[in-house]
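1. pasting a predicted model and its sequence here:
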Amino acid sequence: MIFDQDAFEERAAIMEYLGGLSRFRAETLAAAAQGVTRWEALSHVANRVLEQARDPRSALAQQTGQDAMPEVQPLPAEEV
């Protein structure tokens with residue numbers, strides 16, 4: 001089985017925001033469109049994030065400190 005995470009996230013977002021569905025329902029339908037359960041789809045997403053965090057070349061792994069969050073730019077040192 002080939003799982004397309006980008007297609008899953010895009011389809012779920014469209015159904016949630018344009019279709020007015022709950023996030024749970026949108027993710028469930030987006031996962032079903034690829035022949036997996038919502039839980040399986042979210043497991044794929046979580047595994048991808050963990051792989052990126054372990055890769056020393058990724059931006060996620062280069063963030064440091066307990067307050068580091070993925071895809072959130074830290075404040076400049078003088079503003080902290």
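-> That came through, no problem. Numbers count the residues shown, from 1 in each chain.

2. tell me the pLDDT of L75.
-> Confidence at L75, expressed as pLDDT, is 64.

3. er, Q52 I mean
-> Reported pLDDT for Q52: 74.

4. ditto for D6
-> We have a pLDDT of 91 for D6.

5. please save the CA atoms from the helix or strand containing it in CSV.
-> Element membership for D6 (DSSP states H and E) is helix 5-17. The C-alpha coordinates for helix 5-17 follow below in CSV (Å, rounded to 0.1, in the frame of the first residue of the first chain):
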residue,chain,number,x,y,z
GLN,A,5,0.3,12.0,3.1
ASP,A,6,0.1,15.2,1.1
ALA,A,7,-3.1,14.0,-0.7
PHE,A,8,-4.5,12.9,2.7
GLU,A,9,-3.8,16.3,4.4
GLU,A,10,-5.0,18.3,1.4
ARG,A,11,-8.3,16.3,1.0
ALA,A,12,-9.0,16.5,4.7
ALA,A,13,-8.4,20.2,4.8
ILE,A,14,-10.6,20.9,1.8
MET,A,15,-13.4,18.8,3.4
GLU,A,16,-13.0,20.5,6.7
TYR,A,17,-12.8,24.1,5.7
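
6. now for that helix, which elements pack on it?
-> Secondary-structure packing of helix 5-17 (3 or more Cβ pairs under 8 Å, 6 or more residues apart in numbering; DSSP states H and E): helix 23-33, helix 38-54. In short, each C-beta sits where N, CA and C put it, glycine included.
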